[in-house]
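Novice: Here's a sequence, model it:
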Amino acid sequence: MMNNVVTQDRAVHDGSITSLDDLYREAERLQVTPGWISRDRPIFWKEPRTDFVPAHWHYQHVRSALASAGNLIDVALAERRNLILRNPFPANNFATVRTLVCAYQMILPGEVAPSHRHSAHALRVILDAKRSYSVVNGEKTPMESGDVILTPGGYWHGHGHEGSEPAYWLDGLDIPSVHLMEPMFYEEHPEKYEKIASVAASSRFRYSRDLILTELDKTAADSEGAHGPRITLEAPDMPMVGLTVERLNSGQLTRRQRSTANRIFVVMEGTGTTRVGDSVFAWQRGDTIVVPTWSAFSHEASSDAQLFCLSDEPLMRAFRYYRSEFV
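Specialist: Next up is the predicted model:
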């Protein structure tokens, strides 16, 4: 019986390879690449570099576009009415930073979005909502302004709106990381809408505005000036992402710093300015600021402010790629 073994023709050095050109042709035939050749994009470089650029999205501008989409896009057809924050560099398809993607989303009063689940971990920073709700693995919880809602990978999730005004929030997901490693699964709920098994105002999937504010009140500012009072929103079911909220007092300036982590800041309250590299972004409530890897940045608040941050810092730390410094 013959074994089903795939073999490759092996060239025996018989003197026929007498020049580099011959060697390169043979390497191409063998589907290998010499490690010593020059490349347009080298294999190693001195320090982190990225195609992603610092960027700023104005919530009020995107909110206006979403309000128009409310008349044109039915969530029963599109599943989600959202506008993705595509980092503005050539050839980028959808990612906000290398490992993460964000989108502003809107739901109209009376709407219920179909349930689904996927490998990617996700969250929602609720910007303007009253009486909207989330259903995660059968548990219904409120989604109110200032809340952060978690939807871990593999968990059924959907949402609805029982209020009288449109609800808006910012979604964050690690889809680009899943694409890189390729374990993507996606599934629509077999009954379209997941049945509600329980209703809970307090849930491990919800960090309420009041809880966040209470925890910030107990927290001191960083002694080195890297950030204001800051809390971590623990998400053990979402180990790829880091979630923090920090408070900046009016006039407070953080030290200029950089790290290997990609960071996306969402302004939950207040006004101020963020400098990223050579870019200066003046922000207000609801805006989103992107700080790509190894980009120097600092914040300065012009009024009392609260910043949510989504990052891949846990991923960088897990693989021992994390590094930070003041600059």
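Novice: so what's the closest residue to residue 272 other than its chain neighbours up against?
Specialist: Once flanking residues are discounted, residue 272 sits nearest to residue 301: 4.1 Å by CB to CB, 6 or more residues apart in numbering. (Glycine included, C-beta is placed from N, CA and C.) Listed by CB atoms under 8 Å, 6 or more residues apart in numbering, the contact set of residue 301 reads 248, 249, 250, 251, 252, 253, 270, 271, 272.
Novice: Let me see the confidence value for residue 178.
Specialist: Here, the pLDDT recorded for residue 178 equals 98.
Novice: Which residues are in contact with it?
Specialist: Neighbours of residue 178 in contact, by CB under 8 Å, 6+ apart: 119, 120, 184.
Novice: Let me have those in JSON lines, extended by secondary structure, distance to residue 135 and pLDDT.
Specialist: Shown next, in JSON lines, are those (DSSP: H, G, I helix; E, B strand; the rest coil; distance: CB to CB, whole Å; pLDDT from 0 to 100):
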{"residue": "119", "secondary structure": "coil", "distance to residue 135": "19", "pLDDT": "98"}
{"residue": "120", "secondary structure": "coil", "distance to residue 135": "18", "pLDDT": "98"}
{"residue": "184", "secondary structure": "coil", "distance to residue 135": "23", "pLDDT": "98"}
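Novice: re earlier: how close does the residue nearest to residue 272 sit to residue 327?
Specialist: Relative to residue 327, residue 301 is positioned 20 Å away (CB to CB, to the nearest Å).
Novice: Do a quick rundown of the helices in the stretch 51-200 of the chain.
Specialist: In the stretch 51-200 of the chain, the helices defined using DSSP state H, counting those that start in this stretch lie at 59-69, 75-78, 175-181.
Novice: Which residues in the last one does the neighbour count mark as buried?
Specialist: The neighbour-count criterion (16 or more other CB atoms under 10 Å) identifies 175, 176, 177, 178, 179 as the buried residues of helix 175-181.
Novice: Now do stretch 44-58: distance to the chain's middle.
Specialist: Distance, stretch centre to chain centre, for stretch 44-58: 15 Å (CA atoms, centre = their mean, to the nearest Å).
Novice: can you redo the helices of the stretch 51-200 of the chain as JSON lines with distance to residue 108?
Specialist: Below are the helices of the stretch 51-200 of the chain laid out as JSON lines (distance: least, CB to CB, whole Å):
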{"stretch": "helix 59-69", "distance to residue 108": "10"}
{"stretch": "helix 75-78", "distance to residue 108": "8"}
{"stretch": "helix 175-181", "distance to residue 108": "25"}
